[in-house]
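A structural model of the following input is requested.
(chains A and B)
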Amino acid sequence: DAGITQSPRHKVTETGTPVTLRCHQTENHRYMYWYRQDPGHGLRLIHYSYGVKDTDKGEVSDGYSVSRSKTEDFLLTLESATSSQTSVYFCAISEWQGRNEQYFGPGTRLTVT
Amino acid sequence: AQSVTQLDSHVSVSEGTPVLLRCNYSSSYSPSLFWYVQHPNKGLQLLLKYTSAATLVKGINGFEAEFKKSETSFHLTKPSAHMSDAAEYFCVVSEGGNSGYALNFGKGTSLLVTP
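You can find the predicted model right below:
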């Protein structure tokens, strides 16, 4: 399995609080992605990174920000959590964008009450 | 623009019988196509991928898929289902060019395997 860890694995938080999820990889892959998974929607891209300090928005980026200060770490921040952000969040990595396959972390289950 | 449609949200088969999970895609360019599997409360695992080499692609655990450009399909098959195959399966498309930065997921097909 690709060396990808996510922390925390589970979190319950209250509406309006900031939340940061961490993705850590040991594969030295250039590209990292954050997805959310919701029933009936498959996975949807939130943000992605194509290098240290290089990030861009995905399909559902509103209310989220990201940072990548090191190759191995990609942080996802919910600036002010809302109930609509209750979801399972997956981090993924790939060696290069586009056609190459992505490898996924175990996921973080976030509940916003 | 690229997208995938998984034609069945649920499929039920008996153990030992063939599995067919259907996927149609649309893509402006020559796409890469993938099947991922997700077991309950787990992450996603790559089953197989097509990247313009052979049109019949073999994956892990006895699964295979055939790329048919004329039908814009990439159906997943397995000759004989096992109980451990029960999971959610996602068909995924990625294409080069301006939109190639991410995978585009279908909504998933839940496979139930009965004894």
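
does A:Thr86 touch A:Val112 like I think?
Yes - contact criterion C-beta atoms under 8 Å: A:Thr86 and A:Val112 qualify, at 4.9 Å. For every residue, glycine as well, the C-beta is placed using N, CA and C.

now stretch B:58-71: buried residues?
Buried residues in stretch B:58-71, counting neighbours by 16 or more other C-beta atoms under 10 Å in any protein chain shown, are found at B:Gly59, B:Phe63, B:Glu64, B:Ala65, B:Phe67.

how about CSV for those, with distance to chain A, pLDDT and secondary structure added?
As requested, the buried residues of stretch B:58-71 are exported to CSV (distance: C-beta to the nearest C-beta, whole Å; pLDDT from 0 to 100; DSSP: H, G, I helix; E, B strand; the rest coil):
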residue, distance to chain A, pLDDT, secondary structure
B:Gly59, 11, 94, coil
B:Phe63, 15, 97, coil
B:Glu64, 16, 97, strand
B:Ala65, 14, 97, strand
B:Phe67, 14, 92, strand
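
related to what we said a few turns ago, more neighbours: which of A:Thr86 and A:Val112?
A:Val112 (19 against 16; other C-beta atoms under 10 Å in any protein chain shown).

partner residues bridging that one?
Counting by DSSP bridges, A:Val112 is bridged to A:Thr13.

report pLDDT for A:Tyr48.
A:Tyr48 is assigned a pLDDT of 91 by the prediction.

is there a neighbour count for the residue nearest to A:Tyr35 when sequence neighbours are not counted? I'd like the number.
Taking C-beta to C-beta, 6 or more residues apart in numbering or on different chains, and ignoring the residues beside it in sequence, A:Tyr35 has A:Leu43 as its nearest neighbour in space, at 4.2 Å. Neighbour count for A:Leu43, taken as other C-beta under 10 Å: 28.

what helices or strands is the helix or strand encompassing A:Leu43 leaning on?
A:Leu43 belongs to strand A:42-51 when assigned by DSSP states H and E. In terms of contacts (3 or more C-beta pairs under 8 Å, 6 or more residues apart in numbering or on different chains; DSSP states H and E), strand A:42-51 is packed against strand A:31-38, strand A:54-57, strand A:64-70, strand A:73-78, strand B:104-105.

how about those, which one is nearest B:Pro31?
strand B:104-105 (9.3 Å; C-beta to C-beta).

the helix or strand that the closest one is followed by: which residues count as buried?
Going down the chain from strand B:104-105, the next helix or strand is strand B:109-114, by DSSP H and E. Residues B:Thr109, B:Leu111, B:Val113 are the ones in strand B:109-114 that count as buried (16+ other C-beta under 10 Å).

for chain B, which spans come out with low pLDDT?
For chain B, applying pLDDT under 70 flags the ranges B:1, B:95-102.

tell me the contacts of B:Phe67?
B:Phe67 is in contact with B:Leu33, B:Tyr50, B:Thr55, B:Leu56, B:Val57, B:Ser73, B:Phe74, counting by C-beta atoms under 8 Å, 6 or more residues apart in numbering or on different chains.

perfect, I'm done here.
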